[in-house]
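Q: Fold the following and give me the result.
(chains A and B)
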Amino acid sequence: MSWATALPIVFMALMGLSMLLYVVLDGYDLGVGLLLHRATDDQKDTMIASIGPFWDANETWLVLGVGILLIAFPKAHGMVLGALYLPVALMLVGLILRGVAFDFRVKAQDAHKPLWNFAFFAGSGLAAASQGWMLGRYITGLQEGWPYMLFAAAIALLLPAAYVLLGAGWLIMKTEGELQRHAVKWAKLAWAPLVVGMGLISLATPVVSETVRGKWFSMPEFIALLPIPLMTLAALVGARAMLNSQRVLGKLCWLPFTLTVSVFLLGAIGLAYSLFPYVVMDRLTIWQAASATESLAVIAIGCAITVPTILGYTVFSYRVFWGKATALRYA
Amino acid sequence: MDALLLARMQFAANITFHILFPTISIALGWTLLFFRLRWLYSAPRSPQTAPAPRGGLPFLGRPGKRQDRDAAWLMAYRFWTKVFALTFALGVVSGITMSFQFGTNWPGYMERVGNIAGPLLGYEVLTAFFLEATFLGVMLFGHGRVSERAHLIATFLVAFGTTMSAFWILALNSWMHTPAGHVIRENGEFFVQSWAAVIFNPSFPYRLVHVLLASGLTVAFVLAGVSAWQLLKGKANASTPKVLRTGLTVAAVLIPLQILAGDMHGLNTLQHQPQKVAAMEGIWKTERGAPLLLFAVPDEATRSNHFEIAIPKLAALILKHDPDGEIRGLDEFKGAKGWEHPPVKPLFYGFRIMVGTGMLMLLFSWAGLWLYRRRAWVAEKLPRPLLWGLAGMSFSGWLATVSGWYVTEVGRQPFIVFGLVRVDEVASAVPAPMIAFTLALYVTVYLALIVAYVSVVKYMAEKPVDMHDLVKAEPVGATT
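A: Have a look, this model is predicted:
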C-alpha cells in the first residue's frame, strides 16, 4: 500500500479517535452541566469540582478532531462545516458560555453566581443539542429535505440525554452520599432516550444509504458483525440493571460509566464501519478529500510524537485527580 | 452589505476577541513561574548538608524552609493564577471558534494553501494547545497533589506551551504576508518546497518578537494597573507593592525594546509590502523626503489628505534612515481590477493609536518606576495621579495590540496570501443574512464577556485575601 493510500486512512482513524474521545470526555462534562439545575447549591459546587481539572483538555479533543478535518481533509472541512454553518455557530456559543461560566461562577460576586450557573446549564444544553443536530445531519450524508431535518431534530433531543447518562455515570463514580444517589436517579431517567437514540441512528444509516445496507445486511458480513449490536445491547441492559443495584453506591460505582462509555465505543465502531471510506457519506471519499501526501507526512510525524504523549499525560492528569471529587482550590 | 464584507467582519470580530486573551496568557504564564520561583527562593538557601525541603532546581540550589519564605510572593502567585485561569478559559473557547471559522468563512483558503497552512495549524494544536490544556489542570489545582518540582514543571510547560502556540500561528500568519518556500501547481494549489523557508519566512522573526514583546507589555500594565487600583481603593495586601514593582520594571525594560523591534518590523514591511507602509503613513504620491504626519484625514475619493499636521522629512528619516530617501506612494499600486492597496483610513489611524499608546506606556512606566524608587519602594507614598494613570492604563496593551493587528491584517487586503491569493477568491457561499445573524450573536456574546472579564478581575482585586487559602493546601513535597 502506498503512502498516498495509507496516510488518509491513518488520519481518518486519528480523527475518529479524537471525535470519539471528545464525545465521551466532553460528553460527561456537558452531561454534568445539563444536570446542574437539578442540584442544590452545595451539590453544584461538588459537581463542578468533579469536572474542573478536565474540561479544558476534554474540549481540546474537539479542536484536534476538527483540526484534522481541516488540515488533512480540507475539501471535506469546507463541505461539512458549510452545510452545518448555523448549528456550528450555536454550538460554539454554547461551548463559550459553558466554558467561561465555569470560571466566572466561582470568581464573580455571590449575587451573580445563579446567573453563571444558568449560563453553564444553558451553554451545555445548547452545545449538546447542536452537536446532536450535526450528528443527525452528518450520518445522513448532509442531505436536504424534511425527513432528514426531522431525523436531525430527533437526534438533537436524544444526544443530550446520552450525555446526561454519561454525566450521571461520572457523578456516581466521583461523588458520594446524597448527590451520588441523585445521580443514580438521573441516570435512570436518561437511559431510555439513549436506547431510542442508538436505535434510530442504527436504523437510519442503512435506510438512507444503499452502500451501508449492502455492508451490513449481506452474508457472511451480517454474522461477523452481529457481535457489535449484541454487545451494545448487553452493555445497555447491564448498565440499566446496575442502576437498580445498591452496589453502584459502593465498590462498583465505576461500572455504569464504563458501560455507557463502551456503548459509545461500539456505536463509533459501527458508524466507522458504515462510513468508510467516505468522509461525507456517498459523496466524498477520504482520498478525494485529502491534502497532498507530503503535507500529510509532515503532520503525521508531529502526530506520531505528540498524540501518544498527549494520551500519556491525559492518563497522568486523571490519576492525579483520581478518586472522589473534593473542593477545588487554586494552589 | 455583501456577504464577503460580512464574512470578513465576522472573522475579524472572532479573531479580535480571541487575541485579547492569548496576549495576556503568554506572558502571564512566565510571570506566574517568576512569582513561584521568587516565593520558593525567598528564604535563605538550605545548606547542602542539612535536611532540606525537596523541590530544588538545577543552578538555583535547594530552597529555604517553607516557614521562612515570603508569603507575599505566594499571594501574588495565587491571585494571578486565578486571573490566568479566567484568561485561559476565554482563550480556549474563542480558539475553538477559530478552528471552525477557517472552514465556514474561507473554504477556498484551505483548498488552495491547505498543504502549507494545515501542518502549521496542526503543530499549533498538537504541541501547544494540548500542552497548555492538559498541564493547566495540574498547574491550577494540583499544588498539594503532586510534588513541588512536578508542579513547577507543569507551570513551566504551560508557559512554554502558550509561547509555542504563538510561534506556530505567527509562522502561518507571517507566511500569509511574506509567502516563501512554496510552488504553485496547475490548479492553483500550493505545495511546499522547503519547510524551513515557509516557517522562517522573511517577516516571521520580526513579527514573533513584536508580538511576544506586546504580550509582555500588556501583562506588565495589567499587573501595574490592578496593583494601582488596589492601592487607590485601600485594598492593597502584602503582595501589591511587589506586583506593582514587577509590572513597572518589566514595562520599563520592554518598551524601548518594543520601539526598536517595531521600527525593524516596519522596515521589513517596507521592503516586502510597501503599499502597507504607504497607507500607514498616508503617502499618496511617491516622494523624496516624505514628512511624518502627526495627524491628517486621508481621503480615498480625492486620493489626498486633509488637515495635515506634519514634521518635514521625518517619515523618510525613520523609514529610509535618510532625510531625502524615496518612499513609494499609494498611487503606484494599481492592478487590473483597480487599486490594489489596502484601505487607507484603518491603517493610518490604527498605526497612530498603536504608536500613541506605546508613547504613553513609555511615559508611565519610566515615570512610575523613577517615582517608586524615589519613594524607597513604599507603594503607599506614590502620588495618586500616577496611580490613577496606571489604573487607567491597565488594559492599554489590548488597545495597542489590537490596533497593531488591524494595521498589519487590513494592510494585507485585498489579498489573503499577499500578492498571490485574493480574499474574494476563497470566500464561502453562505448567504449574507445567515452570516449577519451569527455575527450579531457572536458580537453580543463577546461584548458581554469582555465586560464580565474586566469586572470580575476588578472584583477579585478588591476582595480581601483569604489567609486560610495560603495556609491550606500544603504542597506535599515542600513541607519541612
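Q: In contact with residue B:441, which residues?
A: By CB atoms under 8 Å, 6 or more residues apart in numbering or on different chains, the residues touching residue B:441 are A:89, A:93. From N, CA and C alone the C-beta is placed, and that goes for glycine too.
Q: And residue A:315, by the same measure?
A: So residue A:315 contacts nothing (CB under 8 Å, 6+ apart).
Q: In the stretch 151-300 of chain A, what residue lies closest to chain B?
A: In the stretch 151-300 of chain A, no residue comes nearer to chain B than residue A:295, which is 4.0 Å away by CB to the nearest CB.
Q: For that residue, grab the count of nearby residues.
A: Counted with other CB atoms under 10 Å in any protein chain shown, the neighbours of residue A:295 add up to 25.
Q: That one falls within a strand, correct?
A: No - counting by DSSP: H, G, I helix; E, B strand; the rest coil, residue A:295 falls outside a strand, being helix.
Q: how far away is residue B:364 from residue A:208?
A: 64 Å (CB to CB, to the nearest Å).
Q: For the closest residue to residue B:387 other than its chain neighbours, grab phi and psi.
A: Nearest-residue entry for residue B:387: residue B:228, 4.2 Å, with adjacent residues in sequence omitted and distances by CB to CB, 6 or more residues apart in numbering or on different chains. Phi and psi for residue B:228, reported as degrees, to the nearest 10, are phi -60, psi -40.
Q: Which residues are in contact with residue B:100?
A: A:66, A:81, A:88, A:92.
Q: host element of residue 25?
A: With no chain named, the answer covers chain A. Residue A:25 is part of helix A:3-35 when elements are defined by DSSP states H and E.
Q: Let me rephrase: I mean chain B.
A: In this structure, residue B:25 sits in helix B:3-40 according to DSSP H and E.
Q: name the helices or strands packed onto that helix?
A: Here helix B:3-40 touches helix B:71-105, helix B:148-177, helix B:204-232, helix B:240-272, helix B:396-410, helix B:423-426, helix B:432-462, going by 3 or more CB pairs under 8 Å, 6 or more residues apart in numbering or on different chains; DSSP states H and E.
Q: so how far is the fourth one off the chain centroid?
A: What that stands for is helix B:240-272. Computed by CA atoms, centre = their mean, to the nearest Å, the separation of helix B:240-272 from the middle of its chain amounts to 12 Å.
Q: what angle do that helix and helix B:204-232 make?
A: 150 degrees (axes from the mean of the first three to the mean of the last three CA atoms, to 10 degrees).
Q: Assumed residue B:285 was part of a helix.
A: No - read with three-state DSSP, residue B:285 is coil and lies in no helix.
Q: Over to whichever residue of the stretch 151-300 of chain B sits closest to chain A: give its phi and psi.
A: The nearest approach of the stretch 151-300 of chain B to chain A comes at residue B:191, 5.9 Å away (CB to the nearest CB). Per-residue torsions, residue B:191: phi -130, psi 150 (degrees, to the nearest 10).
Q: Please name the residues that touch it.
A: Here residue B:191 is in contact with A:292, A:294-295, B:115, B:182-185 (criterion: CB under 8 Å, 6+ apart).
Q: Mind putting those residues into JSON lines with secondary structure, pLDDT and distance to residue A:12?
A: Shown next, in JSON lines, are the contacts of residue B:191 (DSSP: H, G, I helix; E, B strand; the rest coil; pLDDT from 0 to 100; distance: CB to CB, whole Å):
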{"residue": "A:292", "secondary structure": "coil", "pLDDT": "80", "distance to residue A:12": "16"}
{"residue": "A:294", "secondary structure": "helix", "pLDDT": "80", "distance to residue A:12": "18"}
{"residue": "A:295", "secondary structure": "helix", "pLDDT": "80", "distance to residue A:12": "16"}
{"residue": "B:115", "secondary structure": "helix", "pLDDT": "84", "distance to residue A:12": "18"}
{"residue": "B:182", "secondary structure": "strand", "pLDDT": "88", "distance to residue A:12": "26"}
{"residue": "B:183", "secondary structure": "strand", "pLDDT": "89", "distance to residue A:12": "27"}
{"residue": "B:184", "secondary structure": "strand", "pLDDT": "89", "distance to residue A:12": "28"}
{"residue": "B:185", "secondary structure": "coil", "pLDDT": "85", "distance to residue A:12": "25"}
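Q: So, low pLDDT: which residues of chain A?
A: A:326-331 (pLDDT under 70).
Q: Count the residues that sit near the residue nearest to residue B:387.
A: Residue B:228: 30 surrounding residues under other CB under 10 Å.
Q: Export only the CA atoms of stretch A:219-227, formatted as CSV.
A: Taking C-alpha atoms only, stretch A:219-227 is exported to CSV below (Å, rounded to 0.1, in the frame of the first residue of the first chain):
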residue,chain,number,x,y,z
MET,A,219,-23.9,-12.8,4.3
PRO,A,220,-21.4,-13.6,5.8
GLU,A,221,-20.8,-10.0,7.0
PHE,A,222,-24.1,-9.9,8.9
ILE,A,223,-23.0,-12.8,11.1
ALA,A,224,-19.5,-11.4,11.5
LEU,A,225,-20.9,-8.0,12.6
LEU,A,226,-23.6,-9.4,14.8
PRO,A,227,-21.4,-9.1,18.0
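Q: Distance from the chain centre to it, please.
A: 27 Å.
Q: Quick one: the helices in the stretch 1-150 of chain A, in order.
A: Counting by DSSP state H, counting those that start in this stretch, one finds helices in the stretch 1-150 of chain A at the ranges A:3-35, A:41-51, A:55-72, A:74-83, A:85-107, A:113-139, A:146-174.
Q: where does residue B:473 land on pLDDT?
A: We have a pLDDT of 40 for residue B:473.
Q: quick revisit: mean pLDDT for the helices and strands packed on helix B:3-40 - can I get that in CSV?
A: CSV is the format used below for the helices and strands packed on helix B:3-40 (pLDDT from 0 to 100):
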stretch, mean pLDDT
helix B:71-105, 84
helix B:148-177, 89
helix B:204-232, 95
helix B:240-272, 92
helix B:396-410, 94
helix B:423-426, 84
helix B:432-462, 89
